[in-house]
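*Asks:* fold the following, please.
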Amino acid sequence: MGIISEKDREQLIKILKPLSNNVRIITFTQEFECEHCNITRNMLEEISELSDQISLEVHDFVKDEDLAKGYGLDKIPATILLGDRDYGIRLFGVPAGYEFNTLIEDIILISRRDSGLSKEVLSELSKIDQPVHIQVMISPT
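*Replies:* Residues are numbered from 1 along each chain as shown. Below is the predicted model of the structure:
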């Protein structure tokens, strides 16, 4: 039995069916000393099987250290979501619970190549002229 239940799998197939562009998921893991890497990898494998528009690349955090550093990763499990470019989306830990919805919503938005933000917000964001690092921490408590 997989991580995603059959009922949820059926719902996800319907949700992901209208994906209009490819989404590339890259995950960094390692075989030893990573309690949540295996479940993250298995979950992402199951998700990538639900749509032809989703591809998955799995990399070893230690063996592929230069690649991990290139993506700015310093911990695992790490998940990167890419579309026609790198939008800077990084998820750390197992994307389960509330984070699972975030993962699926991000996949849909990346496929659309549209953030859903208003023209006014996009105009204000375009005024930012230096790199910004935003982190969102989520806790069920």
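*Asks:* C-alpha from now on. contacts and neighbour counts both.
*Replies:* Fine.
*Asks:* please identify which helix or strand holds the nearest residue to Ile13 once chain neighbours are set aside.
*Replies:* For Ile13, ignoring the flanking residues on the chain, the nearest one in space by CA to CA, 6 or more residues apart in numbering is Leu50 at 5.6 Å. Leu50 is located outside every helix and strand, with elements delineated by DSSP states H and E.
*Asks:* any idea whether Glu99 is helix, strand or coil?
*Replies:* Using DSSP: H, G, I helix; E, B strand; the rest coil, the secondary structure recorded for Glu99 is helix.
*Asks:* what pairs with the residue sitting nearest the centre point of the chain across the strands?
*Replies:* Centre of the chain computed as the mean C-alpha position; nearest residue by CA atoms, centre = their mean is Leu81, 4.1 Å away. Judged by DSSP bridges, the bridge partners of Leu81 are Ile25, Ile89.
*Asks:* check contacts around it.
*Replies:* Applying CA atoms under 8 Å, 6 or more residues apart in numbering, one finds that Leu81 lies in contact with 23-26, 87-90, 106-107, 110.
*Asks:* quick revisit: tally of neighbours for the residue nearest to Ile13?
*Replies:* By the measure other CA atoms under 10 Å, the count of residues near Leu50 is 18.
*Asks:* shouldn't it be in contact with Gln11?
*Replies:* No: with contacts defined as CA atoms under 8 Å, Leu50 does not count as touching Gln11, sitting 10.2 Å away.
*Asks:* coming back round to it: buried ones among the contacts of Leu81?
*Replies:* Buried subset of these (neighbour count, 16 or more other CA atoms under 10 Å): 23-26, 90, 106-107, 110.
*Asks:* would you state the strands of the protein in chain order?
*Replies:* With DSSP state E, the ranges of strands along the chain come out as 23-29, 54-60, 78-82, 86-92.
*Asks:* tabulate those strands (a markdown table), appending distance to His36.
*Replies:* Supplementary listing: the strands of the chain in a markdown table, determined by distance: least, CA to CA, whole Å:
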| stretch | distance to His36 |
| --- | --- |
| strand 23-29 | 9 |
| strand 54-60 | 14 |
| strand 78-82 | 10 |
| strand 86-92 | 10 |
